[in-house]
Each structure stands twice: as structure tokens, then as C-alpha cells.
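**Q** after the sequence you'll find the predicted model.
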Amino acid sequence: MKAIILAGGRGKRLRPITDYVPKPLVPIKNIPIIEWQLRYLKKYGINEVIICTGYKQEMIENYLDTKKIGIKINYSIEKTPLGTGGAIKKAAKMIKDKTFFVINGDTITNIDLKKLSKTDNAIAAVELRTKFGILETDEDKITKFKEKKEISDLWMNAGIYHLESKIIKDLPIKGDIEKTVFPDYANKGKLHLVKFKNVKWYSVDSFKDMEECSLEVEKIIK
């Protein structure tokens, strides 16, 4: 199977690091995010990856050229930002398979891709977790304090998709899949959900995300 990694963003919230290196090369436990992702994809039998790049793409290529991860890597280079939908449409020209995976370039997780692969045109979903402490109260007294509680039955897009190749024709040349094709497919009953409970999932968007992910990443991706 093949996978597309959406890695063309500038990562502005991780400045000043991303003034010097592209976000996929931001290190988590001294290993760049993109390398962790490739290790993760290889673990689930992905033998070829297309990396959608734009900002400082030559640095990504130069780094991965020095690594022997055991997975074939191709690049889809965006001269101007195409959005997630446009990036997938451009990269998918290299894919002849019936289905393929897509993963956001800042996602670190242990979501089971074999489980996701059983459903076409599916979004991996994780339970929403609050970023704040939750207070249980009795009138004006706090009875219990819970830190970062998972909220039952509220599901969040984990940024990992298993898509049919037939979807490519519906993707915009420029624009986000989450704002174009996904709402349309959802209205038509053509978009599915695969729920993952009790998984590790990080979207590395801030320095706090980096810190929290670094404590878990070696357990997540072995």
C-alpha cells in the first residue's frame, strides 16, 4: 500500500525553529517528525510514500537521502500552497492502487492502519480530549479535579484517511479536502468514520505539543 504525507506547511506556530527548518524536520526526541512518521507507516506495511512538500523542501529531501528507512520515497513539490485537497490530487497522480492512505505531516500516533484499511473513504477519529482541567462541583464547592479528560461520544478528525482512488477526480486543484470533498461526501452518505479509543495521538502544532509528544513518542512508535 501507498501513503501520502501532507508536509508542505510552514509551521508558523513553531517559529523561530521553522524559520530555519521545515516543520517535518522539527525534532521530537532528536528525531524529525517525518522520520517518526515513516517508521510508523513502514510498521503497517506501507512500502511507498509520497511526501507533499513546499516550504524548504530541499532540506527534507537532503535529510531523507541520508537515511535508510526501507521505504520508497517520492516527492510532490508545490510551488504555491495547494491546500490539502489540491496536494492530494497532485500527489495521487503517482498512485495506481485502488486505495491509499493520507496522513497530516504533523501527526504522531499509534492508530492501527490495518483496522482503518478495512473501510474505504474513511476518516480515523479519536475521542476529543480537553486541554484544560475539568471541575466536578457541588454548588460552590469543587468535589473532583480531572486533568485533560476524554469527552465521550465527541469524535475528532485525527488527520489520517483511507481513500479510494475514485475520490481523486472530485478533489479541487486548490483547496482543502476538509472544506470541499468531505462535506459533500458526508451529505451524500459516502464518507465513513473509524473510531479509535484509548490510542496515543499528537498533532505537533506548538512547543507544548513537542514537549508532551517527546515523553511518549518512543512508546508510540517502536
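**A** That came in fine, so what should we check first?
**Q** excluding chain neighbours, what is closest to residue 104?
**A** In space, and not counting its chain neighbours, residue 104 is closest to residue 159: 3.5 Å by C-beta to C-beta, 6 or more residues apart in numbering. Where you see a C-beta, it was placed from the backbone N, CA and C, and this is true even at glycine.
**Q** typo on my end, residue 67
**A** Using C-beta to C-beta, 6+ apart, the nearest residue to residue 67 is residue 35, at 6.7 Å.
**Q** keeping just the C-alphas, turn the strand or helix carrying that neighbour into CSV.
**A** Using DSSP states H and E, the element containing residue 35 is helix 33-43. Only the C-alpha atoms of helix 33-43 are listed here, as CSV (Å, rounded to 0.1, in the frame of the first residue of the first chain):
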residue,chain,number,x,y,z
ILE,A,33,8.7,14.3,12.8
ILE,A,34,8.9,13.0,9.2
GLU,A,35,11.2,10.1,10.2
TRP,A,36,8.9,9.1,13.0
GLN,A,37,6.0,9.1,10.5
LEU,A,38,8.0,6.9,8.0
ARG,A,39,8.8,4.4,10.8
TYR,A,40,5.1,4.3,11.7
LEU,A,41,3.9,3.8,8.1
LYS,A,42,6.5,1.1,7.5
LYS,A,43,5.4,-0.8,10.6
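**Q** for the closest residue in space to residue 168 that isn't next to it in sequence, grab the count of nearby residues.
**A** Excluding its sequence neighbours, the residue lying closest to residue 168 (C-beta to C-beta, 6+ apart) is residue 92, at 4.7 Å. Residues lying near residue 92 (other C-beta atoms under 10 Å) number 22.
**Q** likewise the one 10 residues further on?
**A** Neighbour count for residue 102, taken as other C-beta under 10 Å: 22.
**Q** same thing with the one 4 residues further on?
**A** Using other C-beta under 10 Å, the number of residues around residue 106 comes to 25.
**Q** next: the one 4 residues further on.
**A** Applying other C-beta under 10 Å, we find 17 other residues in the vicinity of residue 110.
**Q** quick one on the thing from earlier: for the residue nearest to residue 104, what are phi and psi?
**A** For residue 159, the backbone dihedrals (degrees, to the nearest 10) come out as phi 80, psi 20.
**Q** pLDDT value on the residue nearest to residue 67, please?
**A** If you check residue 35, the pLDDT there is 92.
**Q** ditto for residue 195
**A** Listed pLDDT for residue 195 reads 91.
**Q** please look at it and residue 155 and confirm they touch.
**A** Yes - taking C-beta atoms under 8 Å as the definition, residue 195 is a contact partner of residue 155 at 6.2 Å.
**Q** shared neighbours, these two?
**A** 125, 127 (C-beta atoms under 8 Å, 6 or more residues apart in numbering).
**Q** more neighbours, these two?
**A** It is residue 155, of residue 195 and residue 155, that has more neighbours when counted by other C-beta under 10 Å, with 17 against 14.
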